[in-house]
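1. what would the 3D arrangement of this be:
(chains A and B)
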Amino acid sequence: MTDKKNDLIDQNLQDFNNDGVDRRGFLKCMAWAGTGLVWTLSGGIPVSRAFAKTHGKDAGKSGDFSFVQISDSHIGFNKPANPDVTATLQIAINKINAMPDKPDFIIHTGDLSQLSKPSEFDSLDQALRGVSTKQIYFVPGEHDMLTDNGEQYLQRYGKGTKGAGWHSFDHKGVHFVGLVNVANLKAGGMGSLGHEQLEWLEDDLKGRSASTPIVLFAHIPLWTIYPDWGWGTDDSEQALSYVKRFGSVTVLNGHIHQIMQKVEGKVSFHTAMSTAFPQPAPGTAPSAGPMKVPADQLQRVLGITDVNYLVSGRSLAVVDSPLGDSGSSDSRSARGLALADPIVG
Amino acid sequence: MTKKDVWVAGLITPVVIAMVLLFVGSPAVTASDQPSGANAEVKIDNFSFGPETIKVSVGTTVTWINRDDIPHTVVSTDGVFKSKVRDTDEKFSYTFTKAGTYPYYCSVHPKMTGKVVVQ
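-> Model prediction:
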């Protein structure tokens, strides 16, 4: 296992009390057999119990729920990195539809289209009509703002949103906030939330109990991953200061077409894979553009993210699954959830 | 010398002189420095403008051509010009009629910046 995975797992384990269970060993096993990294955020609830509750026979405890994040579908892209992004989106949809525990809703963290064309949005809508989960929340990516400052996007997906498309909603006690950091981008800068949205966010969070789990979602990462490639948001510090007082904050982003995660205090950050094409790791290529991989490996670098919320401990577990299995014996498929033999209770 | 010789010499000399002038007279054209051209080109590739700074004379039409596999835009930071989104192989042109420095960027990927210096 890579040092990076070790570091992240060690970080995550810091919050847990030492009760004699070899949770470190268990989590390492999960990381190998699972698809990417498995997180339980806050609350001190062991990972094993989290998965047993959600995906074993105890599933369905009132208040527990899951949702799926998809991102960067880039409908309209047709270059060698993936000549048929609609087909890979369909694979993602099939995967969602095949999940034994149906997600309550889906969040799309932007770059729905490649060029903000009506035909591209039409194709996306047509594909999404086949999802068994009907409730879908969106935030735009920079590719959805390419004509008329995102007018087309707002007409289709902006109902009930403010400004460039920001909005919030509550679901079973968890507060979700969709932020837009791809409008009015300034020369030389990265993502930007803007004064108006920040004021709205501060007001939106005011008065909420600090024990309310918060989920922020936006297209461009809300933490600085790689400034040279614009992978960050110039004014995210202010936004994050508004959520500092909450006991559990999860930040879900897209844009970079690969999984990156970070924990800072009670805030956990996570970026999702794209359903269209992968991008290189920071600094490993001349630019952040679409990365070609051998055709038989494409589905392994595209994926969806399943987020499971458990009332007890108010924790969210984030699991990434690639669209395709590796097929090898140390399979890194999405069977990570099923492998969770409870160690504790 | 025969009359013919003189005639040939007279013909060749100006040709030779013209050729010498042609080679001496044309400036060494580098990618970023075209002091006397009516047209100039900036290539967009790998999330960058090349050349990043281009110097042209007043009246030059600069054409940006997108060779990247991702769409980009060309937007003046001072509101002087603004392209529609340009996908791969699409172009945007602007004719600079006034001297000055024109910083611009890609509004989709704002870390991409460039400059046109018009002299």
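2. enumerate the residues of the stretch 101-250 of chain A near chain B.
-> On the criterion Cβ under 8 Å from any Cβ of the partner chain, chain B has as its neighbours in the stretch 101-250 of chain A the residues A:114-116, A:142-143, A:145-147, A:185-190, A:227-230. C-beta here means a position set from N, CA and C on the backbone, and glycine is covered the same way.
3. just the buried ones from those residues, in PyMOL syntax?
-> Buried members of these, defined by 16 or more other Cβ atoms under 10 Å in any protein chain shown, are picked up in PyMOL with:
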select buried, chain A and resi 114+115+116+142+143+145+146+147+185+187+189+190+229+230
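4. can I see the domain layout of chain B?
-> B:1-28, B:33-118 (automatic domain parsing).
5. tell me the confidence at A:Asp319?
-> For residue A:319 the amino acid is Val, not Asp. pLDDT recorded at A:Val319 is 88.
6. likewise the one 5 residues further on?
-> Residue-level confidence at A:Gly324 comes out at 88, pLDDT.
7. and if you look at B:Val20?
-> For B:Val20, the model assigns a pLDDT of 54.
8. could you list every residue that touches the closest residue to chain B within the stretch 51-200 of chain A?
-> Closest contact between the stretch 51-200 of chain A and chain B, by Cβ to the nearest Cβ, is at A:Ala187 (3.7 Å). Residues near A:Ala187 by Cβ atoms under 8 Å, 6 or more residues apart in numbering or on different chains: B:Val75, B:Thr77, B:Pro103, B:Tyr104, B:Tyr105, B:Pro110, B:Thr113.
9. same thing with A:Val243?
-> Applying Cβ under 8 Å, 6+ apart, we find A:Val243 in contact with A:Leu205, A:Ile214, A:Leu216, A:Val249, A:Val267.
10. mind listing which of those residues are in helices?
-> Taking DSSP state H as the definition of helices, the contacts of A:Val243 contribute A:Leu205.
11. neighbour count and pLDDT for the contacts of A:Val243 - can I get that in a markdown table?
-> As requested, the contacts of A:Val243 are exported to a markdown table (neighbours: other Cβ atoms under 10 Å in any protein chain shown; pLDDT from 0 to 100):
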| residue | neighbour count | pLDDT |
| --- | --- | --- |
| A:Leu205 | 19 | 98 |
| A:Ile214 | 23 | 95 |
| A:Leu216 | 25 | 97 |
| A:Val249 | 25 | 94 |
| A:Val267 | 21 | 93 |
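12. quick one: the strands in the stretch 1-150 of chain A?
-> Chain-ordered strands for the stretch 1-150 of chain A, with DSSP state E, counting those that start in this stretch as the definition, fall at A:39-40, A:65-70, A:105-108, A:136-138.
13. lowest mean pLDDT across those, which one is that?
-> For the strands of the stretch 1-150 of chain A, where the average pLDDT is lowest is strand A:39-40, sitting at a mean of 38.
14. let's verify the nearest residue to A:Thr212 once chain neighbours are set aside: helix, strand, or coil?
-> Nearest residue to A:Thr212 in three dimensions, chain neighbours excluded: A:His175, at 5.2 Å (Cβ to Cβ, 6 or more residues apart in numbering or on different chains). Under DSSP: H, G, I helix; E, B strand; the rest coil, the three-state class of A:His175 is strand.
15. got a winner among the contacts of A:Ala187 for most neighbours?
-> For these, counting by other Cβ atoms under 10 Å in any protein chain shown, the largest number of neighbours falls to B:Tyr104: 26 neighbours.
16. what parts of chain B come near chain A?
-> By Cβ under 8 Å from any Cβ, the part of chain B that sits against chain A consists of B:46-48, B:68-71, B:73, B:75, B:77, B:84-85, B:87-88, B:103-105, B:107-111, B:113.
17. okay, and for the chain, where does confidence drop off?
-> The chain I'm using is chain A. A:1-62, A:313-314, A:325-345 (pLDDT under 70).
18. wrong one, chain B
-> B:1-37.
19. I'd like to know how many residues surround B:Ala38.
-> 11.
20. isn't it up against B:Thr61?
-> Yes - contact criterion Cβ atoms under 8 Å: B:Ala38 and B:Thr61 qualify, at 6.6 Å.
21. sounds good, over and out.
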